[in-house]
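K.L.:
Return atomic coordinates for the entry below.
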Amino acid sequence: VQLQASGGGLVQAGGSLRISCAASGRTSSTYYMGWFRQAPGKEREFVAAISWSGDSIRYIDSVKGRFTISRDNAKNTVTLQMNSLKAEDTAAYYCAAGQRDHQWNYWGQGTQVTVSS
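P.N.:
Below is the predicted model of the structure:
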């Protein structure tokens, strides 16, 4: 499975940004898809995850109410809509996939999100 992330960029605090990740290859292994982020000098942290059907979604507390994860199975993509962005959201964002939640077997390259205050 190959994961290709796109859509990062620079945005002012309070603004919005959408990042996407396209999966290719053995997409039957992408039952769960998710986003993680890593800020400079910090460990990578979980951000959001979604199941194949979309009936199981979870977020880290700090993004609840601001970020929305969704997926389009026909296009094998997962999207993270980020609203009300804060400077602390600045990080490289990575998409991940696996057959079960909490078991991330596949990783994409990072896409940088920078929020200026």
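K.L.:
Residues in a beta bridge with the residue lying closest to Arg44 once chain neighbours are set aside, which ones?
P.N.:
Among residues not flanking Arg44 along the chain, Gln38 sits closest, at 4.2 Å (Cβ to Cβ, 6 or more residues apart in numbering). Heads up, the C-betas are built off the backbone N, CA and C, glycines and all. Note on Gln38: beta-bridge partners Ala92, judged by DSSP bridges.
K.L.:
tell me, how many neighbours does Gln38 end up with?
P.N.:
Neighbour count for Gln38, taken as other Cβ atoms under 10 Å: 14.
K.L.:
right, and it touches Thr90 too?
P.N.:
No - using Cβ atoms under 8 Å, Gln38 makes no contact with Thr90, being 10.6 Å away.
K.L.:
residue contacts, the residue nearest to Arg44?
P.N.:
Contacts here follow Cβ atoms under 8 Å, 6 or more residues apart in numbering; on that basis Gln38 touches 44-45, 91-92, 94, 110.
K.L.:
List just the nearest of these to Ala22.
P.N.:
Tyr94 (13.8 Å; Cβ to Cβ).
K.L.:
from what I can see the closest one touches Gln112, true?
P.N.:
No - in this structure, Tyr94 is not within contact of Gln112 by Cβ under 8 Å, at 10.7 Å.
K.L.:
So between the two, which is more surrounded?
P.N.:
Neighbours were counted for Tyr94 and for Gln112 using other Cβ under 10 Å; Tyr94 has more, 21 against 13.
K.L.:
Could you look up the SS state of the more buried one?
P.N.:
The three-state label given to Tyr94 by DSSP: H, G, I helix; E, B strand; the rest coil is strand.
K.L.:
how about it, what does it touch?
P.N.:
Tyr94 neighbours (Cβ under 8 Å, 6+ apart): 5, 35-38, 44, 107-111.
K.L.:
Since that was my last question, I'll sign off now.
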